[in-house]
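> Next come a sequence and a model predicted from it.
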Amino acid sequence: MEFFISILLSGISVGGQYALIAIGYTMVYGILRLINFAHGDVFMVAGLLGIYISAALPLYLALPLVLILTVLLGFAIERVAYKPLRSAPRMSVMISAIGVSYLLQNTATYITGGQPMSYPTIPGLADTVTIAGTPTKWVVILTPFLVVFLVLALTQLINRTKIGMAMRAVAKDFETSQLMGIKINSVISTTFIIGSALAAVGSILYFTNYPAITPTAGAMPGLKAFVAAVFGGIGSIPGAVIGAFLIGICENLIKSTDFTVFSDAFTFALLIVILVFKPTGLFGEKATDKV
């Protein structure tokens with residue numbers, strides 16, 4: 001029983017961390033119909049920033065600075081790599097996203113030498129607590145609560161603020177929103193800023209649990225978060241969160257069996273099944289083509 005509780009807690013925790021990355025994917029797709037393949041690498045860069053900045057500053061200053069710099073990185077990526085291609089074919093923007101992804105990975109390799117680096121220990125989050133006889137880190141317990149809080153706050157932002165209303169309008173009809181005077185570039189930049197901030201928070205939680213960071217450390221969490229977004233219905237924030245939690249729990253259950261080597265394969269097998277039987281995901285809306 002204690003072993004099952006441990007697996008469940010770990011699954012919920014890692015699912016919450018995937019959820020914070022998946023929200024960035026689903027928000028950008030909802031507005032631009034773009035899969036931002038560089039998003040997982042923004043997550044990785046946030047982890048490396050945490051290492052370097054915490055070496056020079058105390059954590060209470062380093063962590064907010066990591067958040068700010070990650071937001072600036074997301075903003076810069078949108079302005080440099082995506083904004084000039086606003087009217088270009090969708091394939092061009094996707095290629096640009098892949099190029100940004102490799103640029104971030106190669107830059108990280110150049111700076112770090114490609115060697116694994118250890119994330120700093122964050123007092124409180126890295127401390128151990130016993131739940132139902134099972135020792136676990138505080139980060140595992142706090143992650144789902146923090147994710148739910150951030151999702152509720154984001155939902156309120158989208159439903160009750162002027163910028164949120166603009167986001168919903170642009171997601172519904174990009175061209176008409178532009179004609180109605182909505183500042184498209186500001187809305188898109190805000191979307192990237194929110195996604196990058198959530199990725200930075202996710203990196204703090206994730207690398208507290210898995211402290212070794214390499215230049216490719218964001219690739220697999222980023223891909224799994226993308227699968228979670230598709231599974232829940234890409235464009236749907238609640239769907240992305242639920243999909244991430246389900247993938248995190250299933251992944252940890254598989255890791256507890258003799259088939260642990262297939263834990264990553266399961267995620268992508270799930271993606272194939274979803275695309276075959278329900279391409280819009282659990283909560284996705286069926287798109288209609290305008291003629």
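The structure has been received and is ready for your questions.
> ok, residue 253 to residue 7 distance?
6 Å (CB to CB, to the nearest Å). No exception for glycine: its C-beta is placed from N, CA and C like everyone else's.
> Checking residue 129 next. Helix, strand or coil?
At residue 129 the chain is in strand, as set by DSSP: H, G, I helix; E, B strand; the rest coil.
> How about residue 115?
Under three-state DSSP, residue 115 comes out as coil.
> So what's the residue count around it?
Per other CB atoms under 10 Å, the neighbour tally for residue 115 reads 10.
> Could you list the low-pLDDT ranges of the protein?
Filtered on pLDDT under 70, the chain yields the residue ranges 1, 284-291.
> Run through the helices of it in chain order.
For the chain, the helices defined by DSSP state H cover 2-32, 39-56, 59-77, 90-112, 138-160, 162-172, 174-179, 184-209, 219-232, 237-255, 263-277.
> for these, which one sits closest to residue 126?
Residue 126 sits nearest to helix 184-209 of all these, at 5.6 Å, using CB to CB.
> and that closest one, which residues are buried?
Buried residues in helix 184-209, counted by 16 or more other CB atoms under 10 Å: 184, 187-209.
> swap in stretch 125-144?
Buried residues in stretch 125-144 (16+ other CB under 10 Å): 125, 134, 136, 137, 138, 139, 140, 141, 142, 143, 144.
> Quick one: residues contacting the residue nearest to residue 50 when sequence neighbours are not counted.
Spatially, and ignoring its direct neighbours in sequence, residue 50 is nearest to residue 66 (5.0 Å; CB to CB, 6 or more residues apart in numbering). Counting by CB atoms under 8 Å, 6 or more residues apart in numbering, residue 66 makes contact with 46, 49, 50, 53, 200, 203, 204.
> just so I know, which of the helices of the chain lies nearest residue 120?
Counting by CB to CB, residue 120 lies closest to helix 39-56 out of these; the figure is 4.3 Å.
> tilt between that closest one and helix 59-77?
150 degrees (axes from the mean of the first three to the mean of the last three CA atoms, to 10 degrees).
> Could I get the buried residue list for stretch 94-101?
Within stretch 94-101, the residues scored as buried using 16+ other CB under 10 Å are 96, 97, 100, 101.
> shouldn't residue 134 be in contact with residue 9?
Yes: in this structure, residue 134 is within contact of residue 9 by CB atoms under 8 Å, at 7.2 Å.
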